[in-house]
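Asker: After the sequence you'll find the predicted model.
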Amino acid sequence: MRRLLALCLTSVLVLSACGGDSGALDDIEVSGGSNPTLDVPEGFTTAETETRVVSEGDGDEVAEGDSVKVNYLAVNGRTNEEFDNSYAGSQPVTFTLQDDSALQGFIKGLTGQSIGSRVLVAIPPDDGFGGAQEQLGIEGDDTMVFLFDLVAKVPAEASGEAEDLPDSVPQIVLEDGEPTGFESGDDVTADPSGPAAYVAIKGEGEPVEEGASVTAHYVGQVYPDGEVFDGSWQRGAPSTFSLEQVIACWRDLVPGQTLGSRVVLVCPADSAYGDEPPEGSAIGAGDTLVFAIDLLDAS
């Protein structure tokens, strides 16, 4: 199920609301509740992204630039064959409705819709991948048909009660309210003995579970005030990742933190990348790392 999202987020690919039902989309049958199916006439095509609201939700309206959590089913219009499905695994996915973070068809099809809605979206190649995707069975001129359930809008930042970080920890540097890195101080521990988590903002959401898929904004820097090597704020969209596929420091210390929190992680090398940092990064062998993380959502 993650295959398509990975492609969407790495592809370098305003909605005028389509209004009511589209005539072409009326020929597509939607059935089922929590595990729906689509019956798309074989050879189905569209020249532009079209939408049909299957059922209207009563939640907030989605705007371009919002991060949204959705379930979806994807069918190839040419073959009526399913090529992606998040319902089957009961694990929604999150993406941001902006260029370089989602397909244009997602942006056009979901902007202006309400949370809680079920929406059918037909996407031509120009608003999709722009070419063939052999691993998905998609040819260059195929129309893709998606059924989306809009589960929630993901908050843009941490919110809750601010807490002071101890003087032994590098302090977060803010620019326009967003963390851009850290600055050291006279009392900062020179050589941390082990990984540790500190709360800068205490959110009021549910605790993150072990192995969860987490959506977060973050910035990472070589400890204590070295080079910033990665960050989602500078990219303009949060990142979503499984806690089973991150460094040990994140895997062990993020679970139990509450959603809505801003957390600082100090990660010595043996809980980060050890003596084999990512090739081409600003991280050196044996470096301790420090992160500021806004925990926005989890599933």
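Answerer: Received the coordinates, thanks.

Asker: Low-confidence ranges, the protein, go.
Answerer: 1-23 (pLDDT under 70).

Asker: try 80 this time
Answerer: 1-24, 89-90 (pLDDT under 80).

Asker: Show me how it divides into domains.
Answerer: 2-154, 161-298 (automatic domain parsing).

Asker: now those domains as JSON lines including mean neighbour count?
Answerer: Heads up, the C-betas are built off the backbone N, CA and C, glycines and all. Below are the domains of the chain laid out as JSON lines (neighbours: other Cβ atoms under 10 Å):
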{"stretch": "domain 2-154", "mean neighbour count": "18"}
{"stretch": "domain 161-298", "mean neighbour count": "18"}
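
Asker: Tell me the spacing between Q245 and A272.
Answerer: 14 Å (Cβ to Cβ, to the nearest Å).

Asker: ok, which stretches of the chain are helices?
Answerer: 2-10, 104-110, 248-253 (DSSP state H).

Asker: Does G43 touch N76 like I think?
Answerer: No. Between G43 and N76 there is no contact under Cβ atoms under 8 Å: 10.5 Å.

Asker: what do those two both touch?
Answerer: Common neighbours of G43 and N76, using Cβ atoms under 8 Å, 6 or more residues apart in numbering, do not exist here.

Asker: Identify the residue spatially nearest to E48, adjacent ones excluded.
Answerer: P124 (6.2 Å; Cβ to Cβ, 6 or more residues apart in numbering).

Asker: give the contact list for that neighbour.
Answerer: Contacts of P124 (Cβ under 8 Å, 6+ apart): 45-49, 105, 143.

Asker: Which of these sits closest to S299?
Answerer: Using Cβ to Cβ, the shortest approach to S299 within the contacts of P124 belongs to G105, at 23.1 Å.

Asker: so the closest one makes contact with G128?
Answerer: Yes. At 5.5 Å, G105 and G128 qualify as touching, with contact defined as Cβ under 8 Å.

Asker: show me the contacts for D297.
Answerer: With Cβ under 8 Å, 6+ apart, D297 has these contacts: 67, 69, 94, 152, 154-155, 214-215, 259.

Asker: What segments of the stretch 1-150 of the chain are strands?
Answerer: Taking DSSP state E, counting those that start in this stretch as the test, the strands found in the stretch 1-150 of the chain are 29-31, 37-39, 50-55, 67-76, 81-85, 93-96, 118-123, 144-154.

Asker: will you turn those into CSV that also has distance to C267?
Answerer: Shown next, in CSV, are the strands of the stretch 1-150 of the chain (distance: least, Cβ to Cβ, whole Å):
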stretch, distance to C267
strand 29-31, 46
strand 37-39, 44
strand 50-55, 44
strand 67-76, 25
strand 81-85, 34
strand 93-96, 24
strand 118-123, 40
strand 144-154, 25
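
Asker: So which of the ones you listed is nearest S232?
Answerer: Per Cβ to Cβ, nearest to S232 of those: strand 93-96, 9.8 Å.
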